[in-house]
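Student: Structure, please.
(2 chains)
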Amino acid sequence: MTTTTTTTTAPAPAVPATGRRAAGPRRRPIRAGTPVLYLVLIVIAVIYIFPFLIELATSFKTEVDATSNPVSLIPPTWTTAAYAYLFSQSDFPLWFANSAIVTVAVTVGRTLFDSAAGYALARLQFRGRNVIYAGLIAVMAVPGVVLLIPKFLVINQLGMYDSYSGMIVPLIADAAGVFIMKNFFESIPVAVEEAARIDGAGTLRLFWSVILPMARPALVTIIILSFQGSWNELAHFIVSSSSPNLYTLTKGVASLSSGQLGAAKRYPVQLGAAAIMTIPVAILFIVFQKRITNTATGAVKE
Amino acid sequence: MTSAAQRTPARRNRSGIRRGQGVGGYLFTAPAVILLLVFLVVPILMALWVSFSDWGGNGSPFSSGVHFVGFTNYASITSGGGLSEQDFGTSLRNNLWYVIFVVPTQTVLALLLAVLVNNRLLKGRGFFRTAFYFPSVTSSVAITVLWYFLFNPTGAVNEVLGAIGLHGPNWPADADGLVHNLLALVGVRNGPGFLVNGGFLGVSWWDWLSGPSVGMMIIITMVVFTTAGTFMLLFIAALQNLSQEVEEAAMVDGATSWQRFRLVTLPQLRTTIFTVLTLGLIGTWQVFDQVLVGSQGNPEKTTLTPAYLSYVAGFQEQNWGQAAAIAFILFAIIVAFTLLQRFVLRERGVSARRMRRAGFDRGGDGGYRPAHEDLLTAAVVAGGTSGRPGQGGTL
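Tutor: As a prediction, this is how the structure comes out:
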């Protein structure tokens, strides 16, 4: 077994993994495959983490060192010039604020609308429910990128171009979120609701004070997805606004990199900006890490 | 969901406590439905009209000065021999090679990572999962900025290549195709006449076969790096659902680990592999952010993709009819893959099981836990509907 492990090429590391799993209760003594497994995992992990370490290190380098010493993780000369530039001479704080505004608004909107629609589709009886559900499933198949031009046309027609509303409202439309909430509500027992109904609670009150509190795990999923999705969104902001005052982080940082021709590539500035814009999502990721990587409530990946 | 639909009416007959639900149903679904109608359905219809019109970007596309021009816009990107046709052909060529390189690589890498990490005895499992998944949650803009720094001519990648005695190319500026480069190694620098003279969509067959450009490799490696983690989660979820008995039986029969993986585990993962492949196909045809931020189609249009071309045609050249037509052709390509996926998964009789699993199992932690795979799928798909081409994957 160990010989095949070491001689097979690509999927070789798979072997000790499955082997161990299956070993189950009658566990065998640690096999020689284990060090190989760790070695492979550590090498891959280094490859995965190294780019982010370079990103951080470069943001503290001088512009000369960034290109002459691209690999070193310790800046030959430490400088915070990149961050000083970002915070005092560029619109970076404004971009950050815009991203925060849009992200919070979209997340609040999606949480409310997704859960309301999901609940109605799961529990309430009304004519057209199945049609709405079928429409939802169909709409989920529409690829986002194809909507760039179309969305611009409608936003423009509605006079929402170059405004916060044009940036926020279309993003609140979220078929997948409704789908997730509907599935969740179908999974929880009806008994509680029935009891509350018999006690005379109206649909709205029932939803607000009985249903929503029970739906916390699914709501967290929606919040993670919306937060990450709108914080990282670029394409929609490109087609819904043009004013520099409405730049979000994604748009702003993109403008830093594709910058004016002839201007020097300011790598420390670019990478410092990229590092900062990663922080909020990283925090979200760390807080809900168990949830996300244990695939308990679904992934955050958009 | 069918079961729920059947259950509830029965209950309704039992008592009158469900009165007023009709109004409630409309009120509760109205915001989401209206938003989806206005910002998803109407845009598609409007763009469909624009793709058949000569609208130039001024005023409303519905004003009287705008005319129906039939298939003119579609014709100009698919025939006629003009620059539009050539650009569209080039963008399809580029995206096709991108798909060919990204989809198999990310699927194999994701499966490999999942199998490696899905080991109950492994110490630091959480750490490895986190490390592999983290790139997937970061913004495509941040990753693109980082990647183009790593691949700049004097960047980290070439420094590392230099350390092992290789001379790295000028990645972002090198438009040579990989297949052409390989052929050049064996002395073939010009294609045979029948490949050079014939062609499709304004691109000669020889150029269709160029392979992805060296410049495109930056985006390809980046996307594999960011999406493998997502699909790894799908595979982990699937691996955890596998029955242990078959595997143990195989072990008792003396199958080697590799045999067990190939003959027992892999066949059971068929559905997940198929899901990952089709989600990959759907995601990779939408690559946009990385091109916009990183390459703008350079070098020599070898990273031009249909999604980016559509954006350029509309927003930069004010050629809205063509822009919409490109978007619809792309739409057709992607929807074809989506329908294929839904059809095959249904054919296998998987859908009933999936639907059941789409409900939420009661978790041991006292809360309700959704069945992972379907939610994950929904989450990956969500990238598509929110206007975000995944981190290229993504979805």
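Student: Low-confidence ranges, chain A, go.
Tutor: For chain A, residues meeting the criterion pLDDT under 70 lie at A:1-33, A:258-264, A:290-302.
Student: for chain A, longest helix please?
Tutor: As assigned by DSSP state H, the longest helix anywhere in chain A is helix A:92-123.
Student: That helix and chain B, are they touching?
Tutor: Yes: Helix A:92-123 lies within reach of chain B by CB under 8 Å from any CB of the partner chain, at A:112-114, A:116-117, A:119-123. (Glycine included, C-beta is placed from N, CA and C.)
Student: Going by neighbour count, list what's buried in that helix.
Tutor: Buried residues in helix A:92-123, counting neighbours by 16 or more other CB atoms under 10 Å in any protein chain shown, are found at A:92, A:94-96, A:98-99, A:102-103, A:105-107, A:109-123.
Student: Is there proximity between the longest helix belonging to chain B and chain A?
Tutor: If you go by DSSP H, chain B has its longest helix at helix B:83-117. Yes: for helix B:83-117, a contact with chain A is found by CB under 8 Å from any CB, at B:108, B:112-113, B:115-117.
Student: Buried only: go through those residues for me.
Tutor: Among those, the ones that count as buried by 16+ other CB under 10 Å are B:112-113, B:115-117.
Student: Of those residues, which is the nearest to chain A?
Tutor: The shortest approach to chain A among those belongs to B:Val115, at 4.1 Å (CB to the nearest CB).
Student: Would you confirm that that closest one contacts B:Ala238?
Tutor: No: using CB atoms under 8 Å, B:Val115 is not in contact with B:Ala238; the gap is 10.8 Å.
Student: Which parts of the stretch 201-302 of chain A are helices?
Tutor: A:203-206, A:212-214, A:216-232, A:235-240, A:249-258, A:267-287, A:289-293 (DSSP state H, counting those that start in this stretch).
Student: Tell me which other helices or strands the first one touches.
Tutor: Judged by 3 or more CB pairs under 8 Å, 6 or more residues apart in numbering or on different chains; DSSP states H and E, the packing partners of helix A:203-206 are helix A:191-198, helix B:21-36.
Student: Just name whatever secondary elements the shortest one is in contact with.
Tutor: I take that to be helix A:191-198. If you count contacts as 3+ CB pairs under 8 Å, 6+ apart, helix A:191-198 packs onto helix A:203-206.
Student: Go through the helix it packs on and flag the buried ones.
Tutor: Using 16+ other CB under 10 Å as the test for burial, helix A:203-206 gives A:203, A:206.
Student: which residues are contacting that helix?
Tutor: Outside of helix A:203-206, the residues within contact range by CB atoms under 8 Å, 6 or more residues apart in numbering or on different chains are A:124, A:193, A:196-197, B:20-21, B:24, B:28.
Student: is the helix or strand containing A:Gly177 anywhere near chain B?
Tutor: When elements are assigned from DSSP states H and E, A:Gly177 belongs to helix A:175-187. Yes: among the residues of helix A:175-187, A:175-180, A:182-184, A:186-187 lie within reach of chain B under CB under 8 Å from any CB.
Student: on that earlier part again, could you check the angle the helix or strand just after the longest helix of chain B makes with helix A:216-232?
Tutor: As assigned by DSSP H and E, the chain's next helix or strand after helix B:83-117 is helix B:125-137. Inter-element angle recorded for helix B:125-137 and helix A:216-232: 50 degrees (by axes from the mean of the first three to the mean of the last three CA atoms, to 10 degrees).
Student: Any idea how far the longest helix of chain B is from the middle of the chain?
Tutor: 9 Å (CA atoms, centre = their mean, to the nearest Å).
Student: likewise stretch B:187-206?
Tutor: 29 Å.
Student: got the buried residues for it?
Tutor: Buried residues in stretch B:187-206, counted by 16+ other CB under 10 Å: B:191, B:201-204, B:206.
Student: Quick one: end-to-end length of that stretch, please.
Tutor: Using CA to CA, to the nearest Å, one end of stretch B:187-206 lies 15 Å from the other.
Student: Repeat that for stretch B:308-317.
Tutor: Distance between the boundary residues of stretch B:308-317 (CA to CA) amounts to 12 Å.
Student: So what touches that stretch?
Tutor: Outside stretch B:308-317, the residues touching it (CB under 8 Å, 6+ apart) are A:148-149, A:152, A:238-239, B:57, B:84, B:87-88, B:91, B:287-288, B:291-292, B:296-297, B:319-320, B:322-324, B:326-327, B:330.
Student: My read is that A:Phe179 contacts A:Gly135, right?
Tutor: No: between A:Phe179 and A:Gly135 there is no contact under CB under 8 Å: 11.5 Å.
Student: So for those two, which residue has more residues nearby?
Tutor: A count of neighbours by other CB atoms under 10 Å in any protein chain shown puts A:Phe179 above the other of A:Phe179 and A:Gly135, at 26 against 17.
Student: Can you check the pLDDT for B:Ala371?
Tutor: At B:Ala371, the predicted lDDT confidence score is 39.
Student: follow-up on the earlier one: which of the buried residues of stretch B:187-206 fall in helices?
Tutor: Among the buried residues of stretch B:187-206, the members falling in helices (DSSP H) are B:Trp206.
Student: Just give me the closest of the buried residues of stretch B:187-206 to A:Gly272.
Tutor: Nearest to A:Gly272, judged by CB to CB, of these is B:Val203 at 40.7 Å.
Student: May I have the residues that are in contact with the closest one?
Tutor: Applying CB under 8 Å, 6+ apart, the residues near B:Val203 are B:86, B:89-90, B:93.
Student: What's the separation between it and B:Tyr98?
Tutor: Distance from B:Val203 to B:Tyr98, counting by CB to CB, to the nearest Å: 15 Å.
Student: could you measure the closest residue to A:Val239 other than its chain neighbours against A:Gly166, distance?
Tutor: Computed as CB to CB, 6 or more residues apart in numbering or on different chains, the closest residue to A:Val239 that is not its neighbour in sequence is A:Phe152, at 4.2 Å. Noted for A:Phe152: a distance of 9 Å to A:Gly166, by CB to CB.
Student: what do those two both touch?
Tutor: Common neighbours of A:Phe152 and A:Gly166, using CB under 8 Å, 6+ apart, are A:Ser240.
Student: hang on, the earlier thing: which of the residues of helix B:83-117 next to chain A lies at the shortest distance from B:Pro169?
Tutor: Of all these, B:Val108 has the smallest distance to B:Pro169: 25.0 Å, by CB to CB.
Student: Now the residue nearest the centre of chain B: phi and psi?
Tutor: Centroid check for chain B by CA atoms, centre = their mean gives B:Gly283 as the closest residue, at 0.8 Å. The phi/psi pair for B:Gly283 (degrees, to the nearest 10) reads phi -70, psi -40.
Student: try A:Glu233
Tutor: phi -60, psi 140.
Student: Kindly indicate whether B:Ser64 is helix, strand or coil.
Tutor: With DSSP: H, G, I helix; E, B strand; the rest coil as the basis, B:Ser64 sits in coil.
Student: pLDDT below threshold where in the stretch 201-350 of chain B?
Tutor: For the stretch 201-350 of chain B, the stretches with pLDDT under 70 are B:347-350.
Student: mind listing what A:Pro76 touches?
Tutor: A:61-62, A:65, A:69.
Student: count of neighbours near residue 169?
Tutor: In the absence of a named chain, this looks at chain A. A:Val169 has 20 nearby residues by other CB under 10 Å.
Student: you looked at the wrong chain, it should be chain B
Tutor: 18.
Student: Fine, thanks again, bye for now.
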